[in-house]
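Undergrad: give me a model of this one.
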Amino acid sequence: MARYARTESATGIYHVMLRGINRQNIFESREDYEHFKLSLLKVKEASGLRVFAYCLMSNHVHIVAGVGTEPLGTSFKRVGVRYAVWYNRKYNRQGPLFQNRYKSEPITDDTYLLAATRYIHQNPVKAGLCRKADAYEWSSYKEYLGIGGGICDTEVVLGLFSKSHMERSRLFEEFTRESSDDAFIEMNEAVCISEDAVSEKMLSISGAGSVAEFQALPADEQILALRTMRVSGMSIRQIVRHTGASFGIVRGVGRE
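TA: Coordinates of the predicted model:
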């Protein structure tokens with residue numbers, strides 16, 4: 001399939017999404033989330049990559065980033081390789097962890113920057129993982145509240161609200177809580193049953209509690225489990241995401 005040239009941003013800022021290959025989970029434990037943040041920080045320090053917001057979900061990552069001293073693609077390739085090498089070593093797996101090409105869209109002005117930042121911080125809320133943005137641990141939202149830090153350049157976004165430190169934090173929180181129909185790059189897939197239910201079903205059917213554990217099962221056990229998952233009502237993409245099996249294999253077992 002032909003690849004098309006990315007649209008360049010006059011601001012040098014982009015909304016970037018990385019996702020697991022075949023949409024499989026890329027984070028299995030707290031340590032995994034922490035290590036991805038470390039990988040992002042190391043590349044930021046080495047390349048001058050600017051990070052304005054991020055949210056780490058189970059099988060994909062959203063980041064608002066600005067070009068540093070190297071092309072954005074180079075920076076994110078280094079983030080992905082750095083994390084994937086560590087992840088593969090930890091879980092004794094081989095092969096790529098991320099889709100080959102990251103998704104991105106240019107952020108053209110301040111209004112778009114604010115909207116993208118809000119969208120990213122609302123992601124866990126819209127996914128049903130928490131009721132408020134500040135309750136989700138793996139996003140940059142708390143950095144904007146002055147809790148923790150070390151990765152994001154929050155001054156750019158906060159400065160768009162007010163010069164007063166107290167006032168801009170309040171306005172930022174109010175802005176983030178506003179309901180929004182903003183549309184940005186996303187996973188674009190339907191969900192048949194909840195993600196929690198999918199995890200429980202995978203555990204009960206296969207005995208595996210993670211992608212890595214499932215992939216360590218004998219091939220015949222994997223096929224039997226995949227067939228049972230299809231019958232139980234899980235969508236093909238949900239099964240792919242939670243097991244790491246290829247789309248073609250999962251679709252194939254449903255035909256037998």
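Undergrad: tell me how far residue 25 lies from residue 58.
TA: The gap separating residue 25 from residue 58 is 5 Å, by Cβ to Cβ, to the nearest Å. Backbone N, C-alpha and C define where each C-beta goes, glycine included.
Undergrad: ignore the last one, residue 72
TA: 24 Å.
Undergrad: also residue 86?
TA: Going from residue 86 to residue 58 by Cβ to Cβ gives 18 Å.
Undergrad: can you work out which residues contact both of residue 25 and residue 58?
TA: Common contact partners of residue 25 and residue 58 (Cβ atoms under 8 Å, 6 or more residues apart in numbering): residue 241.
Undergrad: and the pLDDT for residue 255?
TA: At residue 255 the predicted local confidence, pLDDT, stands at 46.
Undergrad: that's a strand at residue 123, yeah?
TA: No - under the criterion used here (DSSP: H, G, I helix; E, B strand; the rest coil), residue 123 is helix, not part of a strand.
Undergrad: what number of residues lie near it?
TA: Residues lying near residue 123 (other Cβ atoms under 10 Å) number 20.
Undergrad: ramachandran coordinates for the closest residue to residue 206 other than its chain neighbours?
TA: Counting by Cβ to Cβ, 6 or more residues apart in numbering, residue 225 is the residue found nearest to residue 206 once chain neighbours are left out, at 3.8 Å. As for residue 225, its main-chain torsions (degrees, to the nearest 10) stand at phi -70, psi -40.
Undergrad: quick one: contacts of the helix or strand hosting residue 176?
TA: Using DSSP states H and E, residue 176 maps to helix 165-177. For helix 165-177, the surrounding residues in contact (Cβ under 8 Å, 6+ apart) are 114, 118, 121-122, 132-133, 141, 144-146, 157-159, 161-162.
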